[in-house]
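Asks: Below are the sequence and a predicted model; questions follow.
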Amino acid sequence: MPLRAGRRSVVVCLAALWAATGSAQDDGLRVFISADMEGLSGIAHSEMTSASGAEYGRGRDLMMSDVNAAIQGALDAGATEILVNDSHGSMRNVRVEQLLPPARLISHNSKPFGMMQGISGDFDAVFFIGYHARAGNPDGLMAHTGSGASIREIRVDGRPAGEGDMNALLAAHYGVPVALATGDEAFAKELGELLPDTEFVSVKRAIRRTTAELLHPEVTAGLIREAATRALESIPEPLPAPGPLVAVEIQYTRPDLAEIASLLPQIERIAPDTVRFEAGDMAEGYAVIRVLYRNLSE
């Protein structure tokens with residue numbers, strides 16, 4: 001009996017905490033942060049972005065620095081709700097105990113909307129932290145799209161789309177603008193074509209695919225914090241939502257992957273290495289894309 005009472009007390013306390021948090025957020029800004037790793041300050045190679053890498057611990061520390069700088073900048077601008085979605089690899093890179101409160105964290109990669117899990121029309125703005133250029137960009141540091149090396153290009157309604165593009169279009173589906181984006185110079189130039197009114201912070205410049213000229217993390221932390229505040233003081237208009245039908249093409253690096261993908265009834269193989277499908281809206285299209293680039297490996 002005492003154990004049951006204790007459990008009930010904990011549940012009641014947690015419910016009260018969430019209710020109080022929600023009440024405090026009603027009049028404040030709500031910010032969704034999607035945090036990747038390749039475009040973070042101080043990172044130039046995969047030894048810092050892979051859990052098996054010798055310098056992964058350093059990479060996680062650098063991730064916390066950039067993410068917390070964005071959170072602090074949002075708080076400076078009056079944000080009261082901040083949701084961070086860990087968006088790299090295993091999606092267990094952000095240490096929740098080192099996250100600046102009151103930010104909350106979505107962790108692990110078993111989620112249908114991947115890098116954008118948790119996004120909804122309740123948010124006022126989206127931040128992309130630590131992003132990189134799309135696959136095939138010769139000027140991008142560790143440029144790629146999706147998981148591994150299986151994707152050569154993704155096109156949404158005929159336009160090439162990297163992770164930043166797809167995530168911005170999904171945010172547009174919910175009517176939420178991308179207010180801030182950080183990464184390497186090639187990423188900023190690339191995504192800036194889609195988001196000309198977004199605040200960008202370039203934290204490094206690629207020399208080769210895994211070699212970069214890096215700014216000091218203390219410098220970039222200040223730049224990110226200031227940009228986050230500016231971004232929320234003048235939030236851009238959201239992109240027009242894609243649709244009503246969204247056409248997606250995926251070009252793989254191997255024809256056998258396109259062959260396997262085309263076994264699904266809604267997927268059409270339009271070239272030896274390329275498939276195409278139509279979705280009712282961007283949310284549906286995004287979920288299918290994630291299946292086709294994350295779960296299809298052989």
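Replies: That came in fine, so what should we check first? Numbering: from 1, shown residues only.

Asks: Would it be right to say that M91 lies in a helix?
Replies: No. Counting by DSSP: H, G, I helix; E, B strand; the rest coil, one finds M91 to be coil, located in no helix.

Asks: Hmm, N109 and it touching each other?
Replies: Yes. Contact criterion CB atoms under 8 Å: M91 and N109 qualify, at 4.0 Å. All C-beta atoms are positioned from the backbone trio N, CA, C, and that covers glycine.

Asks: between these two, which one's more packed in?
Replies: M91 (20 against 16; other CB atoms under 10 Å).

Asks: Phi first, then psi, for the more buried one.
Replies: Main-chain dihedrals, M91, degrees, to the nearest 10: phi 60, psi 40.

Asks: and it, what is it in contact with?
Replies: Shown in contact with M91 (CB atoms under 8 Å, 6 or more residues apart in numbering): 85, 106-109, 111, 114.

Asks: repeat for S41
Replies: Contacts for S41 were tallied using CB under 8 Å, 6+ apart; they are 62, 65-66, 203-204, 214-215, 217, 220-221, 224.

Asks: just the buried members of the contacts of M91?
Replies: Neighbour counting with 16 or more other CB atoms under 10 Å marks 85, 106-107, 109, 111, 114 as buried within these.

Asks: out of the residues you listed, who's nearest E199?
Replies: Checking the buried ones among the contacts of M91 against E199 with CB to CB, the nearest one is N85 at 19.2 Å.

Asks: Now find how far off-centre stretch 243-256 is within its chain.
Replies: 20 Å (CA atoms, centre = their mean, to the nearest Å).

Asks: Restricted to helices, list the buried ones among the contacts of M91.
Replies: Per DSSP state H, helices hold no members of those.

Asks: Find the pair from those with maximum spatial separation.
Replies: Farthest-apart pair in these is S107 and G114; separation 12.8 Å (CB to CB).

Asks: Distance check, the closest residue in space to V176 that isn't next to it in sequence against A135.
Replies: Residue nearest to V176 in three dimensions, not counting chain neighbours: F123, with 5.0 Å by CB to CB, 6 or more residues apart in numbering. Remark: distance between F123 and A135 (CB to CB, to the nearest Å) = 28 Å.

Asks: just the strands in this structure please.
Replies: Applying DSSP state E to the chain gives strands spanning 29-35, 79-86, 104-106, 125-131, 151-156, 159-160, 178-184, 199-208, 211-214, 246-252, 268-271, 274-279.

Asks: Count the residues that sit near F123.
Replies: 21.

Asks: per-residue pLDDT, it?
Replies: What the model reports as pLDDT for F123 is 98.

Asks: which residues does it contact?
Replies: F123 sits next to 30-32, 83, 174, 176 when contact means CB under 8 Å, 6+ apart.

Asks: For it, give its distance to I43.
Replies: Relative to I43, and taking CB to CB, F123 is found at 27 Å.

Asks: before we move on, what about G73?
Replies: Per CB to CB, G73 is found 20 Å from I43.

Asks: just F277 next, same as before
Replies: Look at F277 and I43: by CB to CB, they are 34 Å apart.

Asks: what does R208 give?
Replies: Applying CB to CB, the value for R208 to I43 is 14 Å.

Asks: Of those two, which one has the most company?
Replies: Neighbours were counted for R208 and for I43 using other CB under 10 Å; I43 has more, 28 against 10.

Asks: right, and the more buried one touches G53 too?
Replies: No. Counting by CB under 8 Å, I43 sits too far from G53 to count as a contact (10.6 Å).

Asks: quick one: low-confidence ranges for the protein?
Replies: 1-26, 148, 296-298 (pLDDT under 70).

Asks: Look at T210 and say how many residues are nearby.
Replies: 12.

Asks: In contact with the closest residue to it other than its chain neighbours, which residues?
Replies: Among residues not flanking T210 along the chain, H45 sits closest, at 4.6 Å (CB to CB, 6+ apart). Applying CB under 8 Å, 6+ apart, we find H45 in contact with 142, 210-211.
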